[in-house]
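*Asks:* Got a sequence here, can you model it:
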Amino acid sequence: MCAHVLIAEDDKKQAEVIRQYLEHAGHTATEVYDGYAAIDEVRRRAPDLLVLDVMLPHLDGLQVCRILRHETDLPVLMLTARSTEEDLLRGLDLGADDYMTKPYSPRELMARIRTLLRRPRRPAAPDLHILRAGPLTVDPVRHEVFMSGQPIMCTPGEFTLLAVMAGQPGRVFRREQLLELTRGSDRYISCRIIDVHMGNLRKKIEPDPRRPVHLVTVFGVGYKLTDGRTGHAKSGGHASP
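*Replies:* Purely as a prediction, here's the structure:
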């Protein structure tokens, strides 16, 4: 079979070697060199397989894998110089299909790629992709948001922010982290945009935007998305960022 493979590897010489082996095997390949570009290219072209280096600049491979797993069942083969069992398990837990440590044999890499391309993609169970935090549901595939069953209209920026936070409800995100995970390839905006999105989202999903119980401010740190049962007082959440 002829497949299109995306190579996300910041070492351009290494990416070129992988591309040449893929083309020799009859496949086509595209190279990108940072995490944001990998996400953009997957969304734009929908490759058949992603060869993903963990140590990518700007957004590392583990974060890339976690974000893409909310959107696609694309097979992912991770490459890393890390060789500890903890790193390996973390990559697999985030949704990687296979994992190779550097240095590796290009022939073995191609054998792993052939195996993944032959493997049928598992059909997603109903609603498996839907993210939930209490009464809030986020559907990354259909690009829909519901609060207590009622549809919520969101801008693309607001939707991406909710999808990231709903993937890990209860986690406290710093503004800088949210900016990195949601801004895509645009590196020239400030953290203030996160505060603006939060204010707009609170008007849409909170019973009282002045006393939020879902999108909660953690003072001196950032924001977290809760199920609404913990209350603003316990988390120190008020409407002002």
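*Asks:* Domain-wise, how is the chain divided?
*Replies:* 4-118, 131-235 (automatic domain parsing).
*Asks:* Any chance of CSV for the ones you listed, columns mean pLDDT?
*Replies:* Formatted as CSV, the domains of the chain follow (pLDDT from 0 to 100):
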stretch, mean pLDDT
domain 4-118, 88
domain 131-235, 83
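*Asks:* how about these in TSV, adding mean neighbour count?
*Replies:* From N, CA and C alone the C-beta is placed, and that goes for glycine too. What follows is the domains of the chain, written out as TSV (neighbours: other C-beta atoms under 10 Å):
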stretch	mean neighbour count
domain 4-118	17
domain 131-235	17
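*Asks:* quick one: the residue most central in space within the chain from residue 101, how far?
*Replies:* Centroid-nearest residue in the chain, with C-alpha atoms, centre = their mean: residue 67, separated by 1.0 Å. As judged by C-beta to C-beta, to the nearest Å, residue 67 and residue 101 stand 23 Å apart.
*Asks:* And residue 215, by the same measure?
*Replies:* 39 Å.
*Asks:* cool, residue 200 as well?
*Replies:* 44 Å.
*Asks:* Ok, residue 229 next?
*Replies:* Taken as C-beta to C-beta, the span from residue 229 to residue 101 is 43 Å.
*Asks:* Then residue 59?
*Replies:* Counting by C-beta to C-beta - residue 59 and residue 101 are separated by 21 Å.
*Asks:* All the strands of this protein, residue numbers only.
*Replies:* Using DSSP state E, the strands of the chain run over 4-8, 28-32, 49-53, 76-80, 98-101, 131-133, 136-139, 144-147, 150-151, 173-174, 215-218, 222-225.
*Asks:* closest one to residue 193 among the ones you listed?
*Replies:* Closest to residue 193 of the strands of the chain is strand 222-225 (C-beta to C-beta; 12.9 Å).
*Asks:* Against which helices or strands is the closest one packed?
*Replies:* helix 156-166, strand 173-174, helix 175-182, strand 215-218 (3 or more C-beta pairs under 8 Å, 6 or more residues apart in numbering; DSSP states H and E).
*Asks:* quick check, distance from the second one to the centre of its chain.
*Replies:* When C-alpha coordinates are averaged (C-alpha atoms, centre = their mean, to the nearest Å), strand 173-174 and its chain have centres 15 Å apart.
*Asks:* Which residues outside it are in contact with it?
*Replies:* 164, 165, 181, 221, 222, 223, 224 (C-beta atoms under 8 Å, 6 or more residues apart in numbering).
*Asks:* and of those residues, the nearest to residue 105?
*Replies:* residue 181 (34.0 Å).
*Asks:* Hmm, that closest one is touching residue 59, no?
*Replies:* Yes. Assessed by C-beta atoms under 8 Å, residue 181 is found in contact with residue 59 at 7.5 Å.
*Asks:* re the thing from before, possible to save the helices and strands packed on strand 222-225 as JSON lines with distance to residue 116?
*Replies:* Formatted as JSON lines, the helices and strands packed on strand 222-225 follow (distance: least, C-beta to C-beta, whole Å):
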{"stretch": "helix 156-166", "distance to residue 116": "26"}
{"stretch": "strand 173-174", "distance to residue 116": "32"}
{"stretch": "helix 175-182", "distance to residue 116": "26"}
{"stretch": "strand 215-218", "distance to residue 116": "38"}
